[in-house]
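> Next input, structure requested:
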Amino acid sequence: MKLIPPSLRGYRRSWLGRDVLAGGTLAAIAIPEVMGYTSIAETPIASGLYTIIFPTIAFALFCSSRLLVVGADSATAAILAAGITGLGVAGLSPNTEEWLAWASLTALACALMLLVARILRLGFLGDFLSTAVLVGFLTGVGVQVLTEQIPTMLGLPDAQGHWLRQQWATLTDLADVNWRDAAFSFGTLAVIVACKRSAPSIPGAMVAVVLAIVASNYFDASAHGVSVVGAMTGGLPTPGLPSSVSLEQGIGVLSIAFSCFILIVSQSAATSRSYAMKRGERVNVNQDILGLSMANLTAGATGTFVVNGSPTKTEVLAEHHGRTQIANITMALCALGVALFATGLLEQMPLSVLATVVFLIGIGLVNVTGLRRIRAWRRSEFLIAATTAAVVVLVGVEQAVILGIALSIAELVRRQYQPARFVIDRDDAGNARYVQAKLGLQSAPGLLVFRYGADLFYANASRFTTEVEALVAATPDPLHWMVLDCSSINDIDYSAGEALSGLVDYVHAHNIHFALTGLDPALTRVLTEYGVYGKIRPDRIFSSADEVFAAYQQGSADGNQPRM
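Now for the predicted structure:
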């Protein structure tokens, strides 16, 4: 049983036919996509095919996810190209074997980071890129990717410089459009959009590519000024480690690999979890990280670049009722067949066609619906998403990943610093009612029950104690009991423990009982260790707010509200 890959355990023979069919359909969509991604990574076109052959098989053998598709990805390709460019290696040019060697070395470094993450069970690291950051990041990548394809689609020279300069250069060059390249682009757009709207089960990208190759050969497009793919290196990739990069030089790829690593863990984990939940399955993120490590190790050793879990390709597989990684292995075998026997047929494919395929992928990454939803639900996270997208476009993808992590953590701290705060009272029916805390409120004459909606830690402890002191001082009636509802507090660090201890002393100094309610065993243990628990009378420890009200009313009825 242990020899069976985790993703294939419990496999049923009845799934095989649907898996193979889904895998073949996925191949028809993925092959032109991954070839197009090489225009983003700036590697030879054949390297795109290689990302969905052996890396896909390696992932299938080691992962736990039944559905996640691994291969070239626009976001990691963008990080890769920007990072290698930023290394400033003398004489290093895109689309060369030396450039590909750097890309392969980055994949190996990424594989090592993923392996360490698996050993240390660091799958939770992916949670530090929030959904808002991912939406913003992918939107920014989408804008960057689609705008980069426009010159190639129109037969214009690639624009240089920062993003705004590139757009200005494209606009000023529009008079020089090569209308033959543009015709192939518009034809490709028409075919893909028509298939998507009228026959979504038909892989429009593959249909467009095949038609474009036929038309290019028939009209001898390259002889009439249409830029084509040209000679491709076919066959199997040559296994081995990159030989043209020294160890000293290779240190420079670590920052690129780390950016890819963070995005891979975040995007792959989110995709894998999402589809597993839809199917009522469980997924082991750390096991998937091992699969991703093996996939990138295989990529680096077989002459290609970083691979990642792909939400778009996984969605295609789900739509066509794929069940397991057998579908992805089928895709890999189809890609292998193309690499072995069909690269010659691809030589006359117009570059504008590939650019158009990638252009549409870029449009798909621009998540306007997601941005609108985030804006409607939480403005602060929308600002984070918008900022991340802008940094991707105007500064760079690596910087956006780092900024995204920082903004995610900053937003977490902000919410912990300014959580929801309530004074609990009772309505006419006697049910607990939560009122936003403000000066002058009380739960009952002489009683204040205060609920704090976050853990207490060094950053919010001072604010917490100051607010409670102000509430205590502002009650309309002389206060007898000050009760802290801890039902939303899971932990208190040492700094906050000291602050809470001081608050208890402050309340007692004003001849007011300090009471606690809603403690869980772990928090009770922490407060005991800090000495806070011992400062409070045992009969002032309650299990719920209802119990607080009952005890306080009983004391009032007995005329017994002693001061300290």
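
> Asp425: helix or strand, and which one exactly?
Here Asp425, judged by DSSP states H and E, is contained in strand 421-426.

> what separates that strand from the chain centre, distance-wise?
37 Å (Cα atoms, centre = their mean, to the nearest Å).

> Show me what it is packed up against.
Using 3 or more Cβ pairs under 8 Å, 6 or more residues apart in numbering; DSSP states H and E, the elements in contact with strand 421-426 are strand 432-436, strand 447-452. To be clear about C-beta, it is placed using only N, CA and C from the backbone, and glycine gets the same treatment.

> Check which residues of the longest one are buried.
What that stands for is strand 447-452. Residues of strand 447-452 classed as buried: 447-452 (neighbour count, 16 or more other Cβ atoms under 10 Å).

> Check those residues and tell me the two furthest apart.
Distances among the buried residues of strand 447-452 were taken as Cβ to Cβ; the most separated pair is Leu447 and Tyr452, at 16.9 Å.

> thinking again about what came up before, and the angle for the strand holding Asp425 with strand 432-436?
On the basis of axes from the mean of the first three to the mean of the last three Cα atoms, to 10 degrees, strand 421-426 is oriented at 150 degrees to strand 432-436.

> which parts of strand 421-426 are buried?
Buried, per 16+ other Cβ under 10 Å, within strand 421-426: 421-426.

> Starting from it, tell me which strands it pairs with and how they run.
Using DSSP bridges, strand 421-426 pairs in its sheet with strand 432-436 (antiparallel), strand 447-452 (antiparallel).

> For the longest one, give me every contacting residue.
In this structure, residues lying in contact with strand 447-452 by Cβ atoms under 8 Å, 6 or more residues apart in numbering are 419, 421-425, 434, 437, 441-443, 464, 468, 471-472, 475, 479-489, 517, 545, 548-549, 552.

> So among those, which ones count as buried?
Applying 16+ other Cβ under 10 Å to those flags 419, 421-425, 434, 437, 441-443, 464, 468, 471-472, 475, 479-487, 489, 517, 545, 548-549, 552 as buried.

> Point out where the stretch 201-350 of the chain drops to low pLDDT.
The stretch 201-350 of the chain contains residues with pLDDT under 70 at 240-241, 243-249.

> all strands in it, in order from the N-terminus.
Assigned strands in the stretch 201-350 of the chain, in chain order: 308-309 (criterion: DSSP state E, counting those that start in this stretch).

> would you list every one of the helices in it?
For the stretch 201-350 of the chain, the helices defined by DSSP state H, counting those that start in this stretch occupy 204-218, 247-250, 254-278, 285-301, 311-319, 325-341, 343-346.

> what's the closest of the helices and strands packed on strand 421-426 to Leu297?
Using Cβ to Cβ, the nearest of the helices and strands packed on strand 421-426 to Leu297 is strand 447-452, at 47.5 Å.

> per-residue confidence averaged over that closest one?
Mean per-residue pLDDT for strand 447-452: 96.

> Tell me which of the strands paired with strand 421-426 approaches Leu523 most closely.
Closest of the strands paired with strand 421-426 to Leu523 is strand 447-452, at 12.2 Å (criterion: Cβ to Cβ).

> where does the chain dip in pLDDT?
Applying pLDDT under 70 to the chain flags the ranges 1-3, 126-128, 240-241, 243-249, 556-564.

> the inter-axis angle of the host helix or strand of Leu105 versus helix 285-301?
Using DSSP H and E, Leu105 sits within helix 97-119. Going by the same axes, to 10 degrees, helix 97-119 is angled at 160 degrees with respect to helix 285-301.

> what's the angle from helix 97-119 to helix 254-278?
Angle of helix 97-119 versus helix 254-278, following the same axes, to 10 degrees, is 60 degrees.

> Let the chain start at 755 from now.
That works, and once the first residue is 755, the last one we named lands at helix 851-873.

> Helix 851-873 packs against which elements?
Judged by 3+ Cβ pairs under 8 Å, 6+ apart, the packing partners of helix 851-873 are helix 828-840, helix 1008-1032, helix 1039-1055.

> I figured Cys1217 hits Gln1170, correct?
Rather than Cys, residue 1217 is Arg. No: counting by Cβ atoms under 8 Å, Arg1217 does not reach Gln1170; the two are 10.5 Å apart.

> Thank you kindly, that will do.
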